[in-house]
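Structure for this input, please:
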Amino acid sequence: MNGLTQIENDRFHDHCGVCGVFGHPEAAKLAYLGLYALQHRGQESAGIVSSDGRELHLEKSMGLVADIFQPEVLARLPGEAALGHTRYSTAGDTSLMNAQPIVIDCNKGKLALGHNGNLPSASKWRRTLEHRGSIFQTTSDTEVIVHLVARSQARNLSGALADALNQVEGAYSLLVLTRDEMYALRDPRGFRPLALGELDGAWIVASETCAFDLLGATYVRDVRPGEMLRITRTGIESLQFAPEKPLQHCIFEHVYFARPDSLVFGRAVEQSRDMLGRLLAREHPVPADIVVPVPDSGVPAAIGYSHESGVPFRMGLIRNHYIGRTFIEPQQAIRDFGVRLKLNPVRGLLAGKRVVLVDDSIVRGTTSRKIVHLVREAGATEVHMRISCPPTISPCYYGVDTPTREELIAADESRVRPRLAQAELEAFEGKLDPRQPRSDRNQRSIEEIRRYLGADSLGYLSLESLRRAVGDTRGNFCTSCYTGVYPVVDGTQAELDSRAAVPEESPDIEIQVVPNEG
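Numbers count the residues shown, from 1 in each chain. Predicted coordinates:
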């Protein structure tokens, strides 16, 4: 009997994307189109809440944006303001109860929240708040913000938001919608992007500027780290709600997350990825016949590699863009079934060729290993793997879905990577450049990864070149996943949790999470 196969997805995933519209008669439709442009930031669930000035109307479901928001659903979202959210879970279970926006009714009024990021201190806060009588109706860290807002002694919502967010540590680009106003807030380190645009007198706020392109909106500027924008019918008010902190933009936005046609942290993503490939070619040249990207994320860096090296660029792997999460697998076993569903080699381009295979990252290495095998099986005589970022050695606690250290192939604690035997290690170190330290663990781990992948050679971009590619001359980017050094002093999840302060006593507040109207 045929079995249902779960397709492996050995990739990093961003937490989610947000899009808000204020002051437009078709706000919900614009929010829908904005989410459509941001679909790459989350594919598990999506939701839109609209305001007609009297009531908030919510529609959310599991699935893709285009599947959820059919015309009859959008017709149930009236008003000139809307907030949309598309989600991939990092903190919290994958279920409808954790889909956003979250709509609540509390002492601050009825409001909706959409959050991109992650709060490492959320579990500590959750335990503290539950001990004080708070009742949580989701497992999302976003609801911690909700309860802190409700418990704030501030007299207005802007003050309550500032009060709540100054008590948490982590990454958040946050949109809040009430019956008659919208707020856009960004954490003081600026981990996740958030941009402001304008369309025919209406204001648009989105995780990436590619949403503005689809809507025909004009990019105005980024929401500044630590800034709160209060958007009303009279205009925009800017408030600095948090003290200044060292900037820590997520560098992986430029490596993988953001769309190449977006402007993120003030820099064109395509420009960064082309430079990633060029610098990769300088650091790891190899005699080859063609440069082949792992589509789609490896394409811009592969083009840069080709231009810099002079080796022709070819689309030697074709991606199937119409696959889901599960498939009925044939009774007869097919090797590398999941990868073959996603990628098909162009044998006429690969046969008899020395191939440089360019990808944006390696996580566990399981998929990369299958791709190398696929290229070899198609007739490539050599396969040289090139990665446009440094080895990932640590998890992210700031809004990226990363495995534990034990699952990361490049980490010292990795249980995935087979280690070199002593004789193999001595033979390998004997071949190293004498100018390189013989005890260089990074070189040894790369050799172990190369053997696991089955590639003829393996080269990662250096951290110095990564910073150069994104124009980071002031150390404004977070590189924790490559260094294990976190912006918050303590690195592990438990240590991050322990840094959460205990809130001041406040009277019990009744808070109700409003269920989906659909």
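
use CA for all of it now, contacts and neighbours both
OK.

my guess is residue 105 meets residue 147, correct?
No: with contact defined as C-alpha atoms under 8 Å, residue 105 does not count as touching residue 147 (11.0 Å).

Neighbour count: the two, which is higher?
residue 147 (23 against 16; other C-alpha atoms under 10 Å).

Which secondary structure element is home to that one?
Assessed by DSSP states H and E, residue 147 sits inside helix 142-151.

following that helix, which helix or strand shows up next?
Counting by DSSP H and E, what follows helix 142-151 is helix 157-165.

show me the contacts for residue 36.
65, 66, 211 (C-alpha atoms under 8 Å, 6 or more residues apart in numbering).

Could you measure from it over to residue 310?
Residue 36 is 37 Å from residue 310, where distance means C-alpha to C-alpha, to the nearest Å.

what comes up buried for the longest strand along the chain?
Among the elements of the chain assigned as strand by DSSP state E, the one spanning the most residues is strand 109-118. Buried residues in strand 109-118, counting neighbours by 16 or more other C-alpha atoms under 10 Å, are found at 110, 111, 112, 113, 114, 115, 116, 117, 118.

quick one: contacts for the residue lying closest to residue 280 once chain neighbours are set aside?
Distance criterion C-alpha to C-alpha, 6 or more residues apart in numbering; nearest residue to residue 280, sequence neighbours excluded, is residue 461 at 5.4 Å. Contacts for residue 461 (C-alpha under 8 Å, 6+ apart) come out as 276, 279, 280, 283, 386, 387, 388, 389, 390.

who's in contact with the fourth one?
Neighbouring residues of residue 283 by C-alpha under 8 Å, 6+ apart: residue 461.

try the second one
With C-alpha under 8 Å, 6+ apart as the criterion, the residues that contact residue 279 are 305, 461, 465, 469.

out of those, which is most surrounded?
Of those, residue 305 is surrounded by the most neighbours, 33 neighbours in total, counting by other C-alpha under 10 Å.

Centre of the chain to the helix or strand encompassing that residue, how far?
According to DSSP H and E, residue 305 maps onto helix 299-309. Counting by C-alpha atoms, centre = their mean, to the nearest Å, helix 299-309 is centred 23 Å from the centre of its parent chain.

For it, give the mean pLDDT please.
Regarding helix 299-309, the rounded mean pLDDT is 98.

again, but for stretch 430-449
Stretch 430-449 carries an average pLDDT of 71.

Repeat that for stretch 213-221.
What stretch 213-221 shows for mean pLDDT is 98.

Equivalent analysis for stretch 128-140, please.
When pLDDT is averaged along stretch 128-140, the result is 78.

how far does that stretch stretch from start to finish?
OK, stretch 128-140 end separation, C-alpha to C-alpha: 15 Å.

So for stretch 345-360, what gets flagged as buried?
Buried residues in stretch 345-360 (16+ other C-alpha under 10 Å): 345-347, 349-351, 353-360.

Which of those fall in helices?
Counting by DSSP state H, those place 347, 349, 350 in helices.

I'd like to know the beta-bridge partner residues of residue 459.
Counting by DSSP bridges, residue 459 is bridged to residue 386.

which residues does it contact?
Shown in contact with residue 459 (C-alpha under 8 Å, 6+ apart): 280, 284, 385, 386, 387, 446.

Taking those residues together, which two end up most distant?
Greatest spacing in those, by C-alpha to C-alpha: 280 and 446 (15.3 Å).

Of those two, which one has the most company?
A direct count of neighbours by other C-alpha under 10 Å for residue 280 and residue 446 places residue 280 higher, at 28 against 19.

how far is the helix or strand hosting that one from where the chain is centred?
Using DSSP H and E, residue 280 sits within helix 269-283. Distance, stretch centre to chain centre, for helix 269-283: 20 Å (C-alpha atoms, centre = their mean).

Return the alpha-carbon coordinates of that helix using PDB.
Extracted in PDB, the C-alpha atoms of helix 269-283 (Å, rounded to 0.1, in the frame of the first residue of the first chain):
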ATOM      1  CA  VAL A 269      19.200  42.500  -0.900                       C
ATOM      2  CA  GLU A 270      20.100  41.500  -4.500                       C
ATOM      3  CA  GLN A 271      23.300  43.700  -4.200                       C
ATOM      4  CA  SER A 272      24.300  41.900  -1.100                       C
ATOM      5  CA  ARG A 273      23.800  38.400  -2.500                       C
ATOM      6  CA  ASP A 274      25.600  39.200  -5.700                       C
ATOM      7  CA  MET A 275      28.600  40.400  -3.600                       C
ATOM      8  CA  LEU A 276      28.300  37.200  -1.400                       C
ATOM      9  CA  GLY A 277      28.900  35.200  -4.500                       C
ATOM     10  CA  ARG A 278      31.800  37.300  -5.800                       C
ATOM     11  CA  LEU A 279      33.600  37.200  -2.500                       C
ATOM     12  CA  LEU A 280      33.000  33.400  -2.300                       C
ATOM     13  CA  ALA A 281      34.700  33.000  -5.700                       C
ATOM     14  CA  ARG A 282      37.700  35.000  -4.500                       C
ATOM     15  CA  GLU A 283      38.000  33.000  -1.300                       C
END
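
list the buried ones in that helix?
By neighbour count with 16+ other C-alpha under 10 Å, helix 269-283 contains the buried residues 269-281.

now do stretch 315-322
315, 316, 317, 319.

can you pull the contacts of the closest residue to the first one other than its chain neighbours?
With C-alpha to C-alpha, 6+ apart as the measure, residue 292 is the residue that lies nearest to residue 315, at 5.7 Å, once sequence neighbours are left out. Taking C-alpha under 8 Å, 6+ apart, we find residue 292 in contact with 302, 313, 314, 315, 316, 317, 355, 356, 357, 358.

just residue 195 next, same as before
Per C-alpha under 8 Å, 6+ apart, neighbours of residue 195: 205, 206, 207, 208, 209, 219, 220, 221, 222, 223.

tell me the phi and psi of the fifth one?
Main-chain torsions, residue 209, degrees, to the nearest 10: phi -70, psi -10.

wait, isn't it in contact with residue 262?
Yes: Residue 209 is in contact with residue 262 according to C-alpha under 8 Å; the separation is 5.1 Å.

Among these two, which residue is more densely surrounded?
When neighbours are counted by other C-alpha under 10 Å, residue 209 and residue 262 differ, and residue 209 comes out ahead with 30 against 20.

Against residue 479, how distant is the more buried one?
In this view, residue 209 and residue 479 are 23 Å apart by C-alpha to C-alpha.

what do you get for residue 467?
Applying C-alpha to C-alpha to residue 467 and residue 479 gives a distance of 9 Å.

neighbour-wise, which of the two wins?
Just comparing residue 467 and residue 479: by other C-alpha under 10 Å the higher neighbour count belongs to residue 479, 24 against 20.

ok, the nearest residue to that one once chain neighbours are set aside - contacts?
Counting by C-alpha to C-alpha, 6+ apart, residue 479 lies nearest to residue 251, which is 6.4 Å off, once chain neighbours are set aside. By C-alpha under 8 Å, 6+ apart, the contact list for residue 251 reads 470, 477, 478, 479.

and residue 251, what pLDDT?
Reading off the model, residue 251 has pLDDT 96.

Pull up the gap between it and residue 282, please.
21 Å.

swap in residue 168?
42 Å.

Then residue 368?
Distance from residue 368 to residue 282, by C-alpha to C-alpha: 22 Å.

Check the gap between the residue in the chain sticking out farthest from the centre and residue 449 for me.
The C-alpha centroid of the chain is most remote from residue 423, which lies 40.9 Å away (C-alpha atoms, centre = their mean). For residue 423, the distance to residue 449 equals 17 Å [C-alpha to C-alpha].

What of residue 217?
In terms of C-alpha to C-alpha, residue 217 sits 45 Å off from residue 449.
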